[in-house]
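Colleague: let me see the structure of the following:
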Amino acid sequence: MIYPETINNLIECYKKLPGIGEKTAERMALYSLELDQEIIDLFVQSLTNLKTKIKRCKICNNLSQDDICSICASDGRDHNVICVVEEPKNVFQFEKIGSYRGLYHVLDGLISPLENINPEDINLDSLIKRIDEESIKEVIIAVKPSVEGETTALYISKILEGKKVTISKIAHGVPLGADMDYVDALTLEMALEERKNITSNSEE
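Modeller: Down below sits the predicted model:
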């Protein structure tokens, strides 16, 4: 069946979302016809705002509507601890747990020589700058336990040698090779709480 162009275009848009195939996109498009105009307007405005208002925090590189995200700006956070994650959605995973009260640093990738992703291709320079300029006492590396994750964790521990900071890594309650998207909240919380020190360069 050939739909009107407007519906076909919407189907094609839905198909661009992860995990959405032809039939699901078709159902979603047809269901959208039944939505109230108020919901449609909110949907349109939200998508527009997503591209025009969302930016990266100048400190931690997390998603934010302001130059400085609410986490970095909060006086209620522990500004002595930084949790290093691969991408912004990992921040929201930890925040859903509710037990971690430190800061974050988003790398935007992991070191992967096979994919030509080198240390200079991810957000490491600003991490070093933060440690040099802020009162950071611990860096928690919370990346997926893969070859790329282990390589990145090892590299971070090397470049931070000699600095007055303890470096730890979340425990392997997170299965080897697991995608952080599919790790449940309890496992993630336990992995964070039972983190292991890689090095301790802080002065006694």
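
Colleague: how close does G98 sit to F92?
Modeller: G98 sits 12 Å away from F92, going by Cβ to Cβ, to the nearest Å. Heads up, the C-betas are built off the backbone N, CA and C, glycines and all.

Colleague: try T152
Modeller: T152 sits 20 Å away from F92 when distances are taken as Cβ to Cβ.

Colleague: same deal with H105?
Modeller: For H105, the distance to F92 equals 15 Å [Cβ to Cβ].

Colleague: what's stretch 6-23 in contact with?
Modeller: Under the criterion Cβ atoms under 8 Å, 6 or more residues apart in numbering, residues I2, Y3, T24, A25, E26, M28, A29, L30, S32, L33 lie in contact with stretch 6-23.

Colleague: would you put the C-alpha positions of it in PDB?
Modeller: The C-alpha trace of stretch 6-23 is given here as PDB (Å, rounded to 0.1, in the frame of the first residue of the first chain):
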ATOM      1  CA  THR A   6       3.700  13.000   4.400                       C
ATOM      2  CA  ILE A   7       3.100   9.700   6.000                       C
ATOM      3  CA  ASN A   8       5.800   8.000   4.000                       C
ATOM      4  CA  ASN A   9       8.300  10.700   5.100                       C
ATOM      5  CA  LEU A  10       7.300  10.200   8.800                       C
ATOM      6  CA  ILE A  11       7.800   6.400   8.400                       C
ATOM      7  CA  GLU A  12      11.300   7.000   7.000                       C
ATOM      8  CA  CYS A  13      12.100   9.300   9.900                       C
ATOM      9  CA  TYR A  14      11.000   6.700  12.500                       C
ATOM     10  CA  LYS A  15      13.100   4.000  10.700                       C
ATOM     11  CA  LYS A  16      16.200   6.100  11.500                       C
ATOM     12  CA  LEU A  17      15.700   5.400  15.200                       C
ATOM     13  CA  PRO A  18      17.700   2.500  16.600                       C
ATOM     14  CA  GLY A  19      15.800  -0.800  16.700                       C
ATOM     15  CA  ILE A  20      12.900   0.500  14.600                       C
ATOM     16  CA  GLY A  21      12.100  -1.500  11.400                       C
ATOM     17  CA  GLU A  22       9.600  -1.000   8.600                       C
ATOM     18  CA  LYS A  23       6.500  -2.400  10.300                       C
END
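
Colleague: measure how far that stretch is from the centre of its chain, please.
Modeller: 26 Å (Cα atoms, centre = their mean, to the nearest Å).

Colleague: flag every buried residue along that stretch.
Modeller: L10, I11, Y14, I20 (16 or more other Cβ atoms under 10 Å).

Colleague: next helix or strand past the one helix or strand the first one maps to?
Modeller: L10 is located in helix 5-15, with elements delineated by DSSP states H and E. Moving toward the C-terminus from helix 5-15, the next helix or strand (DSSP H and E) is helix 22-32.

Colleague: that following helix: which residues count as buried?
Modeller: Buried residues in helix 22-32, counted by 16+ other Cβ under 10 Å: A25, E26, M28, A29.
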